[in-house]
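**Q** got a sequence here, can you model it:
(one chain, ligands or ions: 1)
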Amino acid sequence: MRQDEERLRFQIGARDGSARAGVIHTAHGPIETPAFIPLATRGTVRGLESEEVAGLGYELILGNTYHLFVSPGPERIAKAGGLHGFMGWERALITDSGGFQVFSLAHGGVANEVKGSGRSGGGHGSKVEITEEGARFSSYRDGSELFISPEVSMSVQAALGSDIALVFDECTPFHADRDYTARSTERTHRWLDRCLAWHGENGPERQAVFGIVQGGVHEDLRRESAQAVSEAGVDGLAIGGTLGRDKEEMHGVLAMTAPLLPEEAPKHLLGIGEVDDLLAGIALGLDVFDCAVPTRLSRHGVALVPDPEKRFRLDLRKGGWEGDRDPIAAGCPCPACSRHDRDYISYLSRAEELTAVRLICLHNLTYMHELTIHARTAIEAGKFNSYRTAALAGSAPWQAIEKAMETD
Ligand SMILES: [Zn+2]
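**A** So this is what the prediction gives:
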């Protein structure tokens, strides 16, 4: 691990078992952890203005290198003052490497396994050719040929000016066998060295770099990868790649991988952050989580609620909410729950009014933010287990923290 306070400083303020509450200091301000990271995939948290996202309390959002590389392109964003200036976001930004989307095209749906059918890679029959040099693929916009290598990914992220860049890696799919995963993980380590070499010469001085631990579901490969990435001189670590075929296996692979990472590093779980998964990750000592699900659900009229039986989802797009005067979630401080009931939001959603998407998005992001800030309070009080148990049993975050605090 590299210790360079100009780029990034991580302080752990409290611990509770393996869980910890900390602060990641970046060039654009602090991020209190544990934290959920909303996706600003194409330079916006879809439907919301940057100031609204900050107003919800978020200190870190994620921009997507693949999409921004394809359009509008790094030169245009650089001229606007980087992604911060382009989208009017003054707090911390992390960018992914583009690898996840490129390799989703190549492998036919890493995104569809475990991580939900979400982060769209483009599709439309795109072909990807992977070589030692990098990955060549056709643009989903106009079919033109594009090439991403470790150097290209880092140069795009330099132009975007994110506070934290992620190294270019191959995201191995679940159906890859052990032999392929082993060879791919070794290549990812060679790409890591190339990313750091490019960044050392050309990268923004205050941009931190996180390495990505691969190795699929194989403990020995995860161990080797954790060691290789930790020793490479990165500022933080992310867990990537497939984590198994279902939630149960995912939680097992996470429990096996998390302890392999150095204690002092800020740790990012890539692409995972549903309510139960996020709580599992926090319990294992992971710090930040990005996930498309909360914002994507809002576009389908689905709100997050404290209902574990229904995977914490409330479907307002379907009928049956006429006359329901309750808010989406009682006690929720968000604009949707403060001012409107299920009857109205369901009506808007079924009428495909944009207001419904916005209200549910504001609610879902509030729910995730509440989940993490109260987790932080619970960790500081040594009550994280009680908090997690209450949240998984059907208490909303703001109720779960009260219940946890009442326990001995
Ligand atoms: Zn709400």
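
**Q** going by C-alpha atoms from here, please, whenever you check contacts or count neighbours.
**A** Noted.

**Q** what about residue 175, which helix or strand?
**A** Using DSSP states H and E, residue 175 sits in no helix or strand.

**Q** and it, how far from residue 244?
**A** 9 Å (Cα to Cα, to the nearest Å).

**Q** pull the number of nearby residues for the residue of the stretch 151-300 of the chain found nearest the ion.
**A** The ion sits closest to residue 298 of the stretch 151-300 of the chain, with a gap of 11.9 Å, by Cα to the ion. Look at residue 298: counted by other Cα atoms under 10 Å, it has 27 neighbours.

**Q** give the buried residues for stretch 183-192.
**A** Going by neighbour count (16 or more other Cα atoms under 10 Å), the buried part of stretch 183-192 is 184, 185, 186, 187, 188, 189, 191, 192.

**Q** now, those residues that are in strands?
**A** The strands, defined by DSSP state E, take in nothing from the buried residues of stretch 183-192.

**Q** pLDDT check: weakest of those?
**A** Looking at the buried residues of stretch 183-192 by pLDDT, the weakest one is residue 184, with 91.

**Q** please, which helix or strand holds the closest residue in space to that one that isn't next to it in sequence?
**A** The spatially closest residue to residue 184, leaving aside those adjacent along the chain, is residue 170, at 6.7 Å (Cα to Cα, 6 or more residues apart in numbering). In this structure, residue 170 is located outside every helix and strand according to DSSP H and E.

**Q** circling back: what helix or strand is the residue of the stretch 151-300 of the chain closest to the ion located in?
**A** Applying DSSP H and E, one finds residue 298 within helix 293-299.

**Q** now that helix: average pLDDT?
**A** On average, helix 293-299 scores 96.

**Q** near the ion at all, whichever helix or strand comes after it?
**A** Later in the chain than helix 293-299, the nearest helix or strand by DSSP H and E is strand 302-304. No. Using Cα under 5 Å from the ion, we find that strand 302-304 stays clear of the ion, coming within 8.5 Å at best.

**Q** sec struct for the nearest residue to residue 165 once chain neighbours are set aside, please.
**A** Leaving aside its chain neighbours, residue 165 sits nearest to residue 209 (4.8 Å; criterion: Cα to Cα, 6+ apart). Counting by DSSP: H, G, I helix; E, B strand; the rest coil, the backbone at residue 209 sits in strand.

**Q** surely the residue nearest to residue 184 is in contact with residue 104?
**A** No. Counting by Cα atoms under 8 Å, residue 170 does not reach residue 104; the two are 9.6 Å apart.

**Q** quick one: which of those two has more around it?
**A** Comparing residue 170 with residue 104 by other Cα under 10 Å, the one with more neighbours is residue 170, at 29 against 23.

**Q** cool, thanks, signing off.
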